[in-house]
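*Asks:* requesting a structural model of the entry that follows:
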Amino acid sequence: MVLLTMTKRLFKGLLAISLAVSLHGGEVKEKKPVKPVKEDPQELAAKRVEAFSRFSNVVSEIEKKY
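*Replies:* So this is what the prediction gives:
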């Protein structure tokens, strides 16, 4: 019984993969390497502070409502 269930899952997985490949066109394009963007550490820190500030404002708004 367990073997039958595992076989069904394997078959469904292989079927899903073959369907995805056929819908995609069957060609896998090479991915170009992404060059890392160099940013100023101080600018990154400022962005983090700003994001945390917005997050804490949203949390306080939710706390006020409930």
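
*Asks:* top helix in the protein by residue count?
*Replies:* The helix spanning the most residues in the chain, taking DSSP state H as the definition, is helix 41-65.

*Asks:* what comes up buried for that helix?
*Replies:* Neighbour counts over helix 41-65 (16 or more other Cβ atoms under 10 Å) mark no residue as buried. Backbone N, C-alpha and C define where each C-beta goes, glycine included.

*Asks:* quick one: average confidence on that helix?
*Replies:* Per-residue pLDDT over helix 41-65 has a mean of 90.

*Asks:* contacting residues around Val37?
*Replies:* Residues counted as contacts of Val37 (Cβ atoms under 8 Å, 6 or more residues apart in numbering): none.

*Asks:* and Val37, what are its phi and psi?
*Replies:* phi -90, psi 120 (degrees, to the nearest 10).

*Asks:* ok, it to Ser60 distance?
*Replies:* Look at Val37 and Ser60: by Cβ to Cβ, to the nearest Å, they are 33 Å apart.
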